[in-house]
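**Q** Just to be clear, the model below is a prediction. Sequence and coordinates:
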Amino acid sequence: MDLFVSPSSRQLFVDWEQVTRHSVMSFRTAYDQYIGDAWFERFLTDIQAQSPEFRALWSRHDVQGVCDFYQQKELNHPQVGPLSLSSTVLIVPVDPPLHMVTFTPGTQETRSKLETLNAMERLQLGWDKPQYRSNKCNGGLRLAHTNEPCRPQGKTNCTL
């Protein structure tokens, strides 16, 4: 649980104490189904050794099932600042139950910030580099989805 051991988590979550409290209560609820499981026991030993906060919350024995299917989350993103997200929990009724949580922008400002982050990530990954294609250009290259003049092949550093 990076939430307890990563210093950046304390800065990311606006109400870190509440988030950690709810996380431990939810984890304890899940743990109840797997008492004695080697992975859970190893995880508990490790996280309690690393985090006094987790250790204190775990010792309270509080539990909480998923009863709030819609929640507002307030984050403080290191690149774009405050984000307001709405979370929705979907439960698949299988054994053991599967929980899927989706997050959507809670405000137009958050939507814009997420679009900015997406654009930054796409540029970093190189997904938004101009794509050139060779059609109707007499062997030259044309920027895809435009009517720009042909570029002679070999005169560009772009890929096909």
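**A** In hand now; what should we look at?
**Q** Tell me how the protein divides into domains.
**A** 1-64, 66-110, 119-160 (automatic domain parsing).
**Q** Dump those domains into a markdown table; add mean pLDDT and mean neighbour count as well.
**A** (Glycine included, C-beta is placed from N, CA and C.) Shown next, in a markdown table, are the domains of the chain (pLDDT from 0 to 100; neighbours: other CB atoms under 10 Å):
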| stretch | mean pLDDT | mean neighbour count |
| --- | --- | --- |
| domain 1-64 | 90 | 14 |
| domain 66-110 | 87 | 12 |
| domain 119-160 | 59 | 11 |
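**Q** Next SSE downstream of the top strand by length along the chain?
**A** Secondary structure of the chain per DSSP state E: the longest strand is strand 81-92. Sequence-wise, the next helix or strand downstream of strand 81-92 (DSSP states H and E) is strand 98-105.
**Q** send the alpha carbons of that next one over as PDB?
**A** Only the C-alpha atoms of strand 98-105 are listed here, as PDB (Å, rounded to 0.1, in the frame of the first residue of the first chain):
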ATOM      1  CA  LEU A  98     -15.000  -8.100  -7.800                       C
ATOM      2  CA  HIS A  99     -14.900  -4.400  -7.300                       C
ATOM      3  CA  MET A 100     -14.200  -2.000 -10.100                       C
ATOM      4  CA  VAL A 101     -13.800   1.700  -9.300                       C
ATOM      5  CA  THR A 102     -14.100   4.400 -12.000                       C
ATOM      6  CA  PHE A 103     -13.100   8.000 -11.600                       C
ATOM      7  CA  THR A 104     -14.700  10.800 -13.700                       C
ATOM      8  CA  PRO A 105     -14.000  14.600 -13.500                       C
END
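**Q** need the contact list for the most centrally placed residue in the chain.
**A** The C-alpha lying nearest the average C-alpha coordinate of the chain belongs to residue 103 (CA atoms, centre = their mean; 8.6 Å). Residue 103 is in contact with 73, 85-87, counting by CB atoms under 8 Å, 6 or more residues apart in numbering.
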